[in-house]
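*Asks:* Kindly return the folded structure for what I paste below:
(one chain, ligands or ions: 2)
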Amino acid sequence: MKLDVNVLRYLSKDDFRVLTAVEMGMRNHEIVPSELVDRIAGLKHGGTYKVLKNLLKYKLLHHDRSKYDGFRLTYLGYDFLAIKTLVNRGVFTGVGRQIGVGKESDIFEVAQEDGTILAMKLHRLGRTSFRAVKSKRDYLRHRSSFSWLYLSRLAALKEFAFMKALQEHDFPVPKAIDCNRHCVIMSLVQGYPMVQVKQLQNPETVFEKIIAIVVRLAEHGLIHCDFNEFNIMIDDEENLTMIDFPQMVSVSHQNAQMYFDRDIECIFKFFRKRFNMSFQEERDETEVEVDENSRPSFYDIIKDANALDRELEASGFTKKEQNDLDKFIEGGLEKSKDSDEDEESDDEEQTSEPIEEENLNEMNSLQLQEAEQRSSGGAEAEAELDDNEK
Ligand code: ADP
Ligand code: MG
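*Replies:* Ligands and ions are numbered 1, 2, ... in the order given. Predicted structure coming up:
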């Protein structure tokens, strides 16, 4: 997906007001009826309709007439709302090049006024795992009422909360700077993902450091669940940084041991293949040896099983939000990590977002009334609209 931030410059106060109105309407509607957008935005003389056209032109909204005339945000529209809010807050002043395309995110450089470069991660939950998920009917039923917007926001919130907590416990992670909607701002990690590294000066040391991180995480009650060469960054001095936390689970999770063993196995496998390291059973004279008695055993680790809940609670991430996100993410966790069966182009937002027509909430008059009450009179709504007008 292209993030043409130049468009930001062409957007007026009214454009953002209407965009925010659509976002607010999406709390109750997958597709927000045009009249509701108009009512929330409250622009005079039919101004909303002109603005809607402009937003459509820039692909910030999607127009849907299948059930009634309405609109929803596209990823790009949601990106712009988050970016605008963060720029207003003074977190950064400009967006630069894209530095990463993750499975469920896009990463960009952003610049602060003094020239400091940070990393911006835009979460895109439901983008690549959509196809895999679609085949699981029971799973889909669970989350029919969750939108990609909501899930992506939760993923960002969780990632931000963990990054902060892990940093406080001296884990090597990027510095968490700020978070808004589905967007996390963090320090830019120097170095490269391990997957790009062909040679190491001290493979054994690096290997041991990595395994030690997995073990220490478990001692703190956590399992990364996607701990592999894509999510470990390394610099020229062979310092490590661990990234990518939305899928972390507690050691009290029912599949904890499996996830833990899988993280460990990924590291073993990578070092065996890439750096020709051998472990106990398969050692031969020509290979690099690792002094290692056995793999860390999940059961031998003394774990603080409530740490995760505590950290999340402290960050204001509710139990319900955690459950909603877990339901979605676990569908992905169950899959083999190496499979790329669900890679797909991210250009077509229509097909890649997890909302299916059949699952759209039927709009009824009661809902409409509710939404109107919430949106037209509420001080919260006004504040929100004003927030984006600065
Ligand atoms: P995903 O959840 O989509 O896998 P990641 O957080 O793993 O997203 O980020 C994807 C890629 O973006 C990483 O492999 C890395 O190359 C790059 N990246 C992510 N965060 C940073 C950062 N803070 N600094 C530098 N590069 C980063
Ligand atoms: Mg990743």
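
*Asks:* What residue in this protein comes nearest to ligand 1?
*Replies:* G102 (1.6 Å; CB to the nearest ligand atom). In this view, the C-beta of every residue, glycine as well, is placed from N, C-alpha and C.

*Asks:* Need the three-state assignment for the closest residue to that residue other than its chain neighbours.
*Replies:* Spatial nearest neighbour of G102, chain neighbours left out: D244 (7.0 Å); criterion: CB to CB, 6 or more residues apart in numbering. Assigned state for D244: coil (three-state reduction, DSSP: H, G, I helix; E, B strand; the rest coil).

*Asks:* residues touching D244, list them.
*Replies:* By CB atoms under 8 Å, 6 or more residues apart in numbering, the contact list for D244 reads 102, 159, 226, 230-231.

*Asks:* what's near enough to touch the residue of the chain closest to ligand 1?
*Replies:* 121, 230, 244.

*Asks:* ok, now how distant is it from V91?
*Replies:* According to CB to CB, to the nearest Å, G102 and V91 sit 21 Å apart.

*Asks:* neighbours around S66, how many?
*Replies:* S66 has 9 neighbours, counted by other CB atoms under 10 Å.

*Asks:* Just read off the phi/psi values of K57.
*Replies:* phi -60, psi -40 (degrees, to the nearest 10).

*Asks:* Number the residues from 22 up from this point.
*Replies:* All set: I'll call the first residue 22, so the last point we hit is now K78.

*Asks:* Around it, how many other residues sit close by?
*Replies:* 11.

*Asks:* now swap in A277 and tell me
*Replies:* Counted with other CB under 10 Å, A277 comes out at 20.

*Asks:* just A140 next, same as before
*Replies:* Neighbourhood size, A140 [other CB under 10 Å]: 20.

*Asks:* tell me the contacts of it?
*Replies:* Neighbour list for A140: 120, 128-131, 195, 206-210 [criterion: CB under 8 Å, 6+ apart].

*Asks:* one more time with 6 Å, if that's ok
*Replies:* Neighbouring residues of A140 by CB atoms under 6 Å, 6 or more residues apart in numbering: 128, 207, 209.

*Asks:* ok, now T114?
*Replies:* By CB under 6 Å, 6+ apart, the contact set of T114 is E134.

*Asks:* and with 10 Å instead?
*Replies:* Residues near T114 by CB atoms under 10 Å, 6 or more residues apart in numbering: 107-108, 131-136.

*Asks:* Could you do T137 as well?
*Replies:* Counting by CB under 10 Å, 6+ apart, T137 touches 113, 131, 208-209.

*Asks:* for stretch 198-218, how far is the first residue from the last?
*Replies:* 28 Å (CA to CA, to the nearest Å).

*Asks:* about what we covered before: could you dump the contacts of T137 to CSV with secondary structure, neighbour count and distance to D345?
*Replies:* Formatted as CSV, the contacts of T137 follow (DSSP: H, G, I helix; E, B strand; the rest coil; neighbours: other CB atoms under 10 Å; distance: CB to CB, whole Å):
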residue, secondary structure, neighbour count, distance to D345
F113, coil, 22, 29
V131, strand, 23, 28
S208, strand, 17, 29
L209, coil, 15, 30
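
*Asks:* Can you tell me which of these is nearest ligand 2?
*Replies:* L209 (15.6 Å; CB to the ion).

*Asks:* if we can go back for a sec, show me which of the contacts of D265 neighbour ligand 2.
*Replies:* Contacts with ligand 2 are made by 123, 251-252 out of the contacts of D265, judged by CB under 5 Å from the ion.

*Asks:* so what's E351 up against?
*Replies:* By CB under 10 Å, 6+ apart, the contact set of E351 is 160, 246, 268, 270, 274, 276.

*Asks:* and the residue of the chain closest to ligand 1, how far is that from M215?
*Replies:* Look at G123 and M215: by CB to CB, they are 15 Å apart.

*Asks:* do the same with T41
*Replies:* Distance from T41 to M215, by CB to CB: 40 Å.

*Asks:* So which of these two has more stuff around it?
*Replies:* It is T41, of T41 and M215, that has more neighbours when counted by other CB under 10 Å, with 24 against 21.

*Asks:* Tell me which helix or strand the more buried one sits in.
*Replies:* Element membership of T41 [criterion: DSSP states H and E] is helix 34-46.

*Asks:* Show me how far the following helix or strand past that helix is from its chain's centre.
*Replies:* The first helix or strand that comes after helix 34-46 along the chain, using DSSP H and E, is strand 53-54. Computed by CA atoms, centre = their mean, to the nearest Å, the chain-centroid distance of strand 53-54 equals 26 Å.
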